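J.: Just to be clear, the model below is a prediction. Sequence and coordinates:
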Amino acid sequence: MRISMIGTGYVGLVSGTCFSEFGVEVICVDKDAAKIDRLNQGEIPIFEPGLDALVTSNVAAGRLSFTTDLAAAVARSDAVFIAVGTPSRRGDGHADLTYVYDAAREIAAAMNGYTVVVTKSTVPVGTGRAVERIIRETRPDADFDMVSNPEFLREGSAINDFMRPDRVVIGTESERAQQVMRQLYRVLYLIETPILFTSLETSELTKYAANTFLATKITFINEIADLCEHVGADVHDVARGIGLDGRIGRKFLHPGPGYGGSCFPKDTLALVTTARDTGSPLRIVETVVDINARRKRAMADKIIAACEGSVAGKTIAILGLTFKPNTDDMRDSPSLDIVPALLEAGATVRAFDPEGMDEARALLPDITYCDDAYEAMTGADALVVLTEWNAFRALNLARVKEALNAPVMIDLRNVYTPADMAAAGFRYTSVGRPT
Ligand code: UGA
């Protein structure tokens, strides 16, 4: 089996590499020649634990290669995966499908013999059919089938999520294409992963429904956390108390500064827009989008309140800038709302993030970037934990207190406990827990 993976972004690079680990021969294609050069030299453009080693071993085994030559790759492939970007279109919230459709035309022109064309990027319902149409128009003689195979991996645990998924969803009506997909995922049959075959549209919608449901779950617990603060309850106990009910489940009930990243904000918005356009609006998700946007801004107010109502002329230390740990991804990170709001309120900001500072510098130019957590907090009037990197879970509290001007900590990820922090002499604020 040989496949092409068009697009070496997060999803493309991880999926391509993992398929090669499954024993499939994979050609990863990207238009960005500099990126392909770097990949060919063994340099991985993203930070993802375990990816580096997996790329190296599969390249060495001759199963994984990188090229800019789409036509040559496609001509040699049994299946072609489209994993290009689908950013939010400016203005209307729809996913921008330009890259997907461009790829479809190029694939059509290059296909050679029966080929399965698979959308791996998250694409709105109806995209698979549109790609099918484009390919037919470009190459009326083409022998191909269209498949939707959305990816459910998370950044930071992408390799494990791909290799040991809860399920695989494959949307296609063609028995022949199903056979090809079964071959590609053969390894997962051995570990008894549920593999669901559906229609194209069902598969596309399943991906959006999963992400919007998870975003809704997070937003629900965030609002419960706010309520906890008003009634003196502890959100972690509430989350455990409801999560142990198997119908609810314990995961994705951790409160925080609002969801971010490259997927939830974009996908919730795209589904809301699609639903509204079809005349079947998703009012719950519309509300989730609105609450989450407000929440990120409200977190700056929470920090200001913890600093006795003003940060004007004060120095705030921020630990963690990425939208979650184990990634260098800054897309839609809560820090992009919180830090500018603090600057606007007159604060000076010093920050440290283990992997995100290169990306952050371009987006948050007006802050001081430090070499480690303790350097960031030295001389600061308050310390904010914004991303739950492991390095911030076990700070030396005596050293923290010594470094800070005042023992003020705002922990937006609840990595410390109020009792411990009180015992250590901190004025401690967290999310949804009595102080
Ligand atoms: C998310 C989904 O979890 C994946 O299943 C999906 O494949 C991916 O989007 C995608 O569509 O490509 P990801 O964005 O990498 O994955 O990260 P998550 O771990 O889901 O976190 C998303 C955001 O939710 C983060 O800002 C995180 O801090 C926040 N979150 C998550 C919470 O605030 N509380 C939680 O309990 C869980």
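T.: That came in fine, so what should we check first?
J.: ranges for the strands of the stretch 201-350 of the chain?
T.: For the stretch 201-350 of the chain, applying DSSP state E, counting those that start in this stretch gives strands covering 315-319, 348-352.
J.: Out of those strands, which gets nearest to the ligand?
T.: The ligand sits nearest to strand 315-319 of all the strands of the stretch 201-350 of the chain, at 14.5 Å, using CB to the nearest ligand atom. In this view, the C-beta of every residue, glycine as well, is placed from N, C-alpha and C.
J.: Show me which residues of the protein sit near the ligand.
T.: Selection of the chain residues close to the ligand by CB under 6 Å from any ligand atom yields 122, 151-155, 211, 214, 218, 252-254, 256, 259-261, 263-264, 323-324.
J.: from those residues, which ones fall inside helices?
T.: Using DSSP state H to define helices, the subset of those located there is 211, 214, 218, 264.
J.: Do I have it right that residue 187 meets residue 22?
T.: Yes. Taking CB atoms under 8 Å as the contact criterion, residue 187 and residue 22 are neighbours in contact, 4.6 Å apart.
J.: of those two, who's got more company?
T.: More crowded of residue 187 and residue 22, by other CB atoms under 10 Å: residue 22, with 18 against 15.
J.: Residue 183 is in contact with that one, correct?
T.: No. In this structure residue 22 lies outside contact range of residue 183 using CB under 8 Å: 9.9 Å.
J.: any low-confidence regions in the stretch 1-150 of the chain?
T.: Filtered on pLDDT under 70, the stretch 1-150 of the chain yields no residues whatsoever.
J.: OK, contacts around residue 235?
T.: If you count contacts by CB atoms under 8 Å, 6 or more residues apart in numbering, residue 235 has them with 221, 224, 225, 228, 255, 431, 432, 433.
J.: The fifth one and residue 400, how far apart?
T.: Looking back up the chat, that one is residue 255. As defined by CB to CB, to the nearest Å, residue 255 lies at a distance of 23 Å from residue 400.
J.: And for residue 207?
T.: Separation of residue 207 from residue 400 (CB to CB): 42 Å.
J.: helix or strand for residue 124, which one?
T.: In this structure, residue 124 is located outside every helix and strand according to DSSP states H and E.
J.: ok, and for stretch 240-247, which residues are buried?
T.: Residues 242, 243 are the ones in stretch 240-247 that count as buried (16 or more other CB atoms under 10 Å).
J.: for stretch 250-266, same thing?
T.: Buried residues in stretch 250-266, counted by 16+ other CB under 10 Å: 252-266.
J.: Ok, stretch 366-383 next?
T.: Neighbour-count burial for stretch 366-383, with 16+ other CB under 10 Å as criterion, is recorded at 367, 369, 370, 373, 374, 376, 377, 380, 381, 382, 383.
J.: same deal with stretch 427-435?
T.: Applying a neighbour-count criterion of 16+ other CB under 10 Å, the buried positions in stretch 427-435 are 427, 428, 429, 430, 431, 432, 433.
J.: ditto for stretch 266-284
T.: Under the neighbour-count criterion of 16+ other CB under 10 Å, stretch 266-284 has 266, 267, 268, 269, 270, 271, 272, 273, 274, 275, 282 buried.
J.: what does stretch 109-117 give?
T.: Of the residues in stretch 109-117, 110, 111, 115, 116, 117 count as buried by neighbour count, 16+ other CB under 10 Å.
J.: Pull up the gap between the nearest residue to the third one once chain neighbours are set aside and residue 75, please.
T.: Just to be clear, that refers to residue 115. In space, and not counting its chain neighbours, residue 115 is closest to residue 144: 4.7 Å by CB to CB, 6 or more residues apart in numbering. In this view, residue 144 and residue 75 are 13 Å apart by CB to CB.
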